[in-house]
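J.: please find the sequence and the predicted model below.
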Amino acid sequence: MQLSAGVTQLTSATLRQRLVGESQVIRDVREHIAQAATVNMPVLLVGETGTGKHTAAQLLHEMSKRHGRPFLHRLCLKTFATDFEEELLGIEEGYSRAHPRGKQGLFELSDNGSLFLDKIEDLDLRIQSVLLNVLHDSGSTRLGGTKWHPLDLRLISSTECDLAHEVAAGRFQADLMFRISTLCISMPPLRNRPEDIAPLVTHFLKGFAHYHGVHTHPVSPSAMTLMERYSWPGNIRELENLVSQYATFGDERFIIDHLRAQHEDDPGPFDSIIDTHTPLRLQTQRVMRNLERRIILTVLQANNWNRKKAARTLDISYRALLYKIKAANIPPIRRHSSGLTQKGKS
């Protein structure tokens, strides 16, 4: 499929920012999304948890002619079929005591836009029939109503499993599977693109620094090598969470400990974060900075983030502690009853 120059430029700039990496598999995904965004067919996104299916769904909408129109996301949790039917179809005025004035359903609310049904394999069989009828008729009727509402929406679905297997097991309707998978895009697991780990880490560190207004340190080559060898069962979401911990506390032991926990039977490679490409003086300085930062953080936590008490515990002046906190780029975190929050944010 040939794309116009304008579309190619738009997709290239946007996709590289949102789907980071230069491996062949992620390049293929970006190309497939760019192509699928130009047509109006249902799309099924297939991939493990944390592989970026929600991001892909948003990009499909934002790069299509429907951008600026509604984009609704609904996680298809296993719930009462009646409740989900009401949520999808809406309720006619006077039909329900809970909604005496009626209520629009997701189908109506996403008219002229896109509806993203996440984990569609969890849909109740009866709701599958409702969805199939709506897609076939291009319209819906509210529960308790008789007025037919024509619809112009694009359905984007996602699944973490093989829908053909679900069909064979009697848990998913074959007709619906074929209807929603006119276009199918597979989201690759992170373990299949280890060359993208480094650019993803850099991307997350920059985002963290920009959002929180702090300076972050790059991950050492040795730690990066360990990360590239890790299988990442939680995929990109797991990587982003780990990078956020490292950026907050500035200690690579958070990375090492996380990776070691998944490899308890073979801890050897995780016993050291020595970098064979960096001079001894610089490595020693880095280790000492990390150790001092970790001590300060531990004492702050033990004193409920009361800096004056922490200074007394560390036997240094309050002014010296403030200087070290700033030098170590410790975010201005304070303790609330609900847990740790960024200063100035609820």
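T.: Perfect, I can see it now.
J.: now do the helix or strand harbouring Ser157: distance to the chain's middle.
T.: If you go by DSSP states H and E, Ser157 is part of strand 154-159. Computed by Cα atoms, centre = their mean, to the nearest Å, the chain-centroid distance of strand 154-159 equals 16 Å.
J.: in the next helix or strand after that strand, what's buried?
T.: Under the assignment DSSP H and E, the closest C-terminal helix or strand after strand 154-159 is helix 163-168. Judged by neighbour count using 16 or more other Cβ atoms under 10 Å, the buried positions of helix 163-168 are 163, 166-167. Heads up, the C-betas are built off the backbone N, CA and C, glycines and all.
J.: now do the strand holding Ser157: which elements does it pack against?
T.: strand 43-46, helix 53-62, strand 114-118 (3 or more Cβ pairs under 8 Å, 6 or more residues apart in numbering; DSSP states H and E).
J.: 10 Å instead, please
T.: With contacts defined as 3 or more Cβ pairs under 10 Å, 6 or more residues apart in numbering; DSSP states H and E, strand 154-159 has these neighbours: strand 43-46, helix 53-62, strand 71-75, strand 114-118, helix 125-137, helix 174-180, strand 183-186.
J.: distance of Val39 relative to His54?
T.: 21 Å (Cβ to Cβ, to the nearest Å).
J.: need the contact list for the closest residue to Asp122 other than its chain neighbours.
T.: Nearest residue to Asp122, sequence neighbours excluded (Cβ to Cβ, 6 or more residues apart in numbering): Cys76, at 4.6 Å. Contact partners of Cys76, counting by Cβ atoms under 10 Å, 6 or more residues apart in numbering, are 84, 117-124, 127, 131, 157-159.
J.: who has more neighbours, Val39 and His54?
T.: Between Val39 and His54, counting by other Cβ atoms under 10 Å, His54 is the more crowded of the two (17 against 13).
J.: with the contacts of Cys76 in mind, which one is nearest to Ser181?
T.: Ser157 (7.9 Å; Cβ to Cβ).
J.: identify the bridge partners of that closest one.
T.: Leu44, Leu117 (DSSP bridges).
J.: coming back round to it: turn the contacts of Cys76 into CSV, including neighbour count and pLDDT.
T.: Below are the contacts of Cys76 laid out as CSV (neighbours: other Cβ atoms under 10 Å; pLDDT from 0 to 100):
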residue, neighbour count, pLDDT
Phe84, 21, 88
Leu117, 24, 96
Asp118, 19, 96
Lys119, 18, 95
Ile120, 28, 96
Glu121, 18, 95
Asp122, 19, 93
Leu123, 25, 94
Asp124, 17, 92
Ile127, 23, 93
Leu131, 25, 95
Ser157, 28, 98
Ser158, 25, 97
Thr159, 24, 97
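J.: what is the nearest of those to Val201?
T.: Once Cβ to Cβ is applied, the member of these that ends up nearest Val201 is Ser158, at 25.2 Å.
J.: any idea how far Pro189 is from the most centrally placed residue in the chain?
T.: In the chain, the C-alpha nearest the mean C-alpha coordinate belongs to Arg237, at 5.3 Å (Cα atoms, centre = their mean). As judged by Cβ to Cβ, Arg237 and Pro189 stand 12 Å apart.
J.: so what sits against both of those two?
T.: Common neighbours of Arg237 and Pro189 (Cβ under 10 Å, 6+ apart) are 49-51.
J.: may I see those organised as JSON lines, with pLDDT, secondary structure and distance to His258 added?
T.: As requested, those are exported to JSON lines (pLDDT from 0 to 100; DSSP: H, G, I helix; E, B strand; the rest coil; distance: Cβ to Cβ, whole Å):
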{"residue": "Thr49", "pLDDT": "94", "secondary structure": "coil", "distance to His258": "17"}
{"residue": "Gly50", "pLDDT": "94", "secondary structure": "coil", "distance to His258": "15"}
{"residue": "Thr51", "pLDDT": "96", "secondary structure": "coil", "distance to His258": "19"}
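J.: now do the end-to-end distance for stretch 149-169.
T.: 34 Å (Cα to Cα, to the nearest Å).
J.: and the host helix or strand of Leu291, what does it pack onto?
T.: Using DSSP H and E, Leu291 falls within helix 280-302. With contacts taken as 3+ Cβ pairs under 10 Å, 6+ apart, helix 280-302 sits against helix 235-249, helix 253-261, helix 307-314, helix 318-327, strand 333-336.
J.: what residues sit buried inside that helix?
T.: 283, 286, 290, 293-294, 296-297, 299-300.
J.: low-confidence ranges in the stretch 51-200 of the chain?
T.: Along the stretch 51-200 of the chain, the model assigns pLDDT under 70 to residues 79-80.
J.: wait, which of the buried residues of helix 280-302 is closest to Asn306?
T.: Leu300 (8.0 Å).
J.: what's the closest non-adjacent residue to that closest one?
T.: With sequence-adjacent residues excluded and distances taken as Cβ to Cβ, 6+ apart, Leu300 is closest to Ala310, at 5.0 Å.
J.: and that neighbour, how many neighbours?
T.: Count around Ala310 with other Cβ under 10 Å applied: 22.
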